[in-house]
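> turn this into a structure:
(one chain, ligands or ions: 1)
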Amino acid sequence: MEYFIDSASIGEIKEAASLGVLDGVTTNPSLVAKTGKPFAEVAKEICEFVNGPVSLEVVGTTAEDMVKEAKELRRFGSNVVVKIPMMSEGLKAVKRLSSEGIPTNVTLIFQPLQALLAAKAGASYVSPFIGRLDDIGQNGLDLVQDILTIFRQYHLKTKVLAASVRHPTHVLECAKMGAHVVTLPVKVIHQLTKHPLTDSGLKTFLEDWKKVQN
Ligand code: E4P
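Take a look at the predicted model:
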């Protein structure tokens, strides 16, 4: 399973790289807004630093605008994956972009047949949002499982990129299901390193070590 970082903060992305967990990056307009910097500056910095795929999202709402924007976004680097919202116009844009060899990530997926449509249009990735479904009392992990089952059934090449991940259990379940990618807030990466027995075990080792020093 690949680990992407769900962030537009270059500091967080560098932190993830230093931990050895940076296969790629996903951003969205809200994450870019949180940096307080102009989009072009943020996109340039991330695309230059990251070796793997970087999802940058379009904000147009017609296929024509999305395709035009996609081509502008690709100027930031050959690693740019164009993030397209799930909607009819988005599917048209994905179809056109995939026929030109431009990779896409269809975002805001909340039911499995949206993912199947995106895959049929030629999406490279689909992004089911786990946490936002959990927030409204539905099971986000079931969505990931359903998409994986359907994609395997029809041998689809589109990768399932589990998004809106809120805690380590989401990551564990995605790994057990065989999701291709999870995109993680840096906070969740730090949570993944932790276990109370690791902390207490280390404390004991360090205390015992002191006892044998002269
Ligand atoms: C995915 O690409 C999105 O950027 C992201 O995972 C959304 O997560 P949120 O629900 O925590 O905003």
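
> show me the strands in the chain, by range?
Applying DSSP state E to the chain gives strands spanning 2-6, 24-26, 54-57, 80-85, 104-109, 125-128, 159-162, 181-184.

> could you dump those strands into JSON lines with distance to Ala93, mean pLDDT and mean neighbour count added?
C-beta here means a position set from N, CA and C on the backbone, and glycine is covered the same way. Formatted as JSON lines, those follow (distance: least, C-beta to C-beta, whole Å; pLDDT from 0 to 100; neighbours: other C-beta atoms under 10 Å):
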{"stretch": "strand 2-6", "distance to Ala93": "22", "mean pLDDT": "98", "mean neighbour count": "23"}
{"stretch": "strand 24-26", "distance to Ala93": "18", "mean pLDDT": "98", "mean neighbour count": "25"}
{"stretch": "strand 54-57", "distance to Ala93": "12", "mean pLDDT": "98", "mean neighbour count": "26"}
{"stretch": "strand 80-85", "distance to Ala93": "6", "mean pLDDT": "98", "mean neighbour count": "24"}
{"stretch": "strand 104-109", "distance to Ala93": "8", "mean pLDDT": "98", "mean neighbour count": "26"}
{"stretch": "strand 125-128", "distance to Ala93": "14", "mean pLDDT": "98", "mean neighbour count": "28"}
{"stretch": "strand 159-162", "distance to Ala93": "18", "mean pLDDT": "98", "mean neighbour count": "27"}
{"stretch": "strand 181-184", "distance to Ala93": "21", "mean pLDDT": "98", "mean neighbour count": "25"}
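
> residue numbers of this structure in contact with the ligand?
Counting by C-beta under 6 Å from any ligand atom, the positions of the chain adjacent to the ligand are Asp6, Thr26, Asn28, Thr107, Ser127, Phe129, Gly131, Arg132, Ala163, Ser164, Thr183.

> go with 8 Å
For the chain, the contact set with the ligand under C-beta under 8 Å from any ligand atom comprises 6, 26-28, 30-31, 55, 83, 105, 107, 127, 129, 131-132, 135, 161, 163-166, 183, 185.

> right, I'll call it a day here.
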